[in-house]
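Student: Predicted model and sequence follow; I will ask about them next.
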Amino acid sequence: MQQPPQKQPQSYRELEALMSTEYATLSKRLQQTARFMLDHPQEVALATVAKIAEQADVTPSTLIRLANSLGFKGFSEMQQLFRSRLVDELPNYTERIRAVRSATGETPDSTQLLWEFADANRAVLEQLPSRIDPESLEKALDIFEKAHAIHVMGARRSFVVASYMTYALAHVDKPALLVSGLGGMYREQLRAMSQHDALLTISFSPYAEESQRACEGAKQRGLPIIVITDSHLSPLASFADVVFVVNEAEVKSFRGLTASLCLTQALAISLGMRQDKAREKAIQQDQQRNP
């Protein structure tokens, strides 16, 4: 019996290389399946197991056997790498929409899509609290509370989360600056960080270079860094004092931001409550000293 590879591929490119390396050792049926998957990555990313098996002219169990032989626990784990490739290589929404229609042979109506996005986001929100370490929450709040100002960085898709967090912090009376890069001035904005400040960076695969450079600069200057990202293997995680790994909903290769927005909202409001409690305590102490 063939032994599965010791290390599970972490990207589509690694999987592609492993398939090529292991191809000669596979049975004829598994070779047929591997050829189809490499020749039709968009269909594999978006179609159901039954549809992929039908198109590859194999049984669904053959797909599972191929995944197992390449080190995956199940087919869905391997399929996720094909979906990641689609997101990374088809950044244009029009191209993704065409890919969805091509792979599934369907054009879902607006109500169907609304239900799919709502169900997917509901699922990730239900899972979010159990996946966030309470100690990490408290540590992040400690950093925010001590910081004179919080600089918030989120490029491209993550900008929505960064923008909201800056807004929320301002409304709980915490000085916050959005690193927007307006006018190409990322460097100038980051230079405004002082040693008494903190940096919050939000970035998801394929990880914005601007966000990585911001973390590098903050680390060199000794600033505390909180990162919201999608994997502990994210290049930003190595710079962080606190890492929040958030799994966002994904429907037909379109990823959401609902869980990240929920997390930032909880952080901002929790910080506001902390600060309000500290102010009350200070007033009480002052009254005791000066009755």
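Tutor: Received the coordinates, thanks.
Student: make it CA atoms for all contacts and neighbour counts henceforth
Tutor: Will do.
Student: C-terminal to the helix or strand residue 114 falls within, which secondary structure element comes first?
Tutor: Using DSSP states H and E, the element containing residue 114 is helix 110-131. For helix 110-131, the following helix or strand on the C-terminal side (DSSP H and E) is helix 134-146.
Student: State the mean pLDDT of whichever helix or strand comes after that following helix.
Tutor: Downstream of helix 134-146, the first helix or strand assigned by DSSP H and E is strand 150-153. On average, the pLDDT along strand 150-153 is 95.
Student: Strand 150-153 pairs with which strands?
Tutor: Sheet partners assigned to strand 150-153 using DSSP bridges are listed as strand 176-179 (parallel), strand 198-202 (parallel).
Student: quick check: domain ranges of the protein?
Tutor: 12-104, 122-289 (automatic domain parsing).
Student: okay, those domains in TSV with mean neighbour count and distance to residue 110 next?
Tutor: Shown next, in TSV, are the domains of the chain (neighbours: other C-alpha atoms under 10 Å; distance: least, C-alpha to C-alpha, whole Å):
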stretch	mean neighbour count	distance to residue 110
domain 12-104	17	13
domain 122-289	18	13
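Student: between those, which gets nearest to residue 113?
Tutor: domain 122-289 (8.6 Å; C-alpha to C-alpha).
Student: Tell me who's in contact with residue 262.
Tutor: residue 125 (C-alpha atoms under 8 Å, 6 or more residues apart in numbering).
Student: Could I get the phi/psi values of the residue nearest to residue 269 when sequence neighbours are not counted?
Tutor: When the adjacent residues along the chain are set aside, residue 269 lies closest to residue 172, with 7.2 Å between them (C-alpha to C-alpha, 6 or more residues apart in numbering). Phi and psi for residue 172, reported as degrees, to the nearest 10, are phi -110, psi 20.
Student: Quick check: residue 172 touching residue 274?
Tutor: No - using C-alpha atoms under 8 Å, residue 172 makes no contact with residue 274, being 10.1 Å away.
Student: Now residue 244: which helix or strand?
Tutor: If you go by DSSP H and E, residue 244 is part of strand 242-245.
Student: ok, back up a step: tell me, which of the strands paired with strand 150-153 is the model least confident about?
Tutor: strand 176-179 (a mean of 92).
Student: Okay, now the unreliable bits of the stretch 51-200 of the chain?
Tutor: 87-108 (pLDDT under 70).
Student: give me that answer again for 90
Tutor: Filtered on pLDDT under 90, the stretch 51-200 of the chain yields the residue ranges 51-52, 54-56, 69-74, 76-77, 79-121, 123-124, 127, 130-131, 155-157, 180-195.
Student: Quick check, residue 198 in contact with residue 142.
Tutor: No - here residue 198 does not reach residue 142: they are 10.8 Å apart, not a contact under C-alpha under 8 Å.
Student: Compute the distance between residue 164 and residue 245, please.
Tutor: 18 Å (C-alpha to C-alpha, to the nearest Å).
Student: contact partners of stretch 9-25?
Tutor: Contacts of stretch 9-25 (C-alpha under 8 Å, 6+ apart): 31, 34, 38, 70-71, 81-82, 84-85.
Student: ditto for stretch 110-123
Tutor: Contacts for stretch 110-123 (C-alpha under 8 Å, 6+ apart): 248-251, 256, 258-259.
Student: Show me the two of the contacts of stretch 9-25 that sit farthest apart.
Tutor: 31 and 84 (22.9 Å).
Student: Now stretch 260-270 - C-alpha only, PDB.
Tutor: Taking C-alpha atoms only, stretch 260-270 is exported to PDB below (Å, rounded to 0.1, in the frame of the first residue of the first chain):
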ATOM      1  CA  SER A 260     -13.300  40.100  10.900                       C
ATOM      2  CA  LEU A 261     -15.800  43.000  11.300                       C
ATOM      3  CA  CYS A 262     -17.400  41.200  14.200                       C
ATOM      4  CA  LEU A 263     -14.000  40.700  15.900                       C
ATOM      5  CA  THR A 264     -13.000  44.300  15.500                       C
ATOM      6  CA  GLN A 265     -16.300  45.500  16.800                       C
ATOM      7  CA  ALA A 266     -15.900  43.400  19.900                       C
ATOM      8  CA  LEU A 267     -12.400  44.600  20.400                       C
ATOM      9  CA  ALA A 268     -13.400  48.300  20.100                       C
ATOM     10  CA  ILE A 269     -16.400  48.100  22.400                       C
ATOM     11  CA  SER A 270     -14.500  46.000  24.900                       C
END
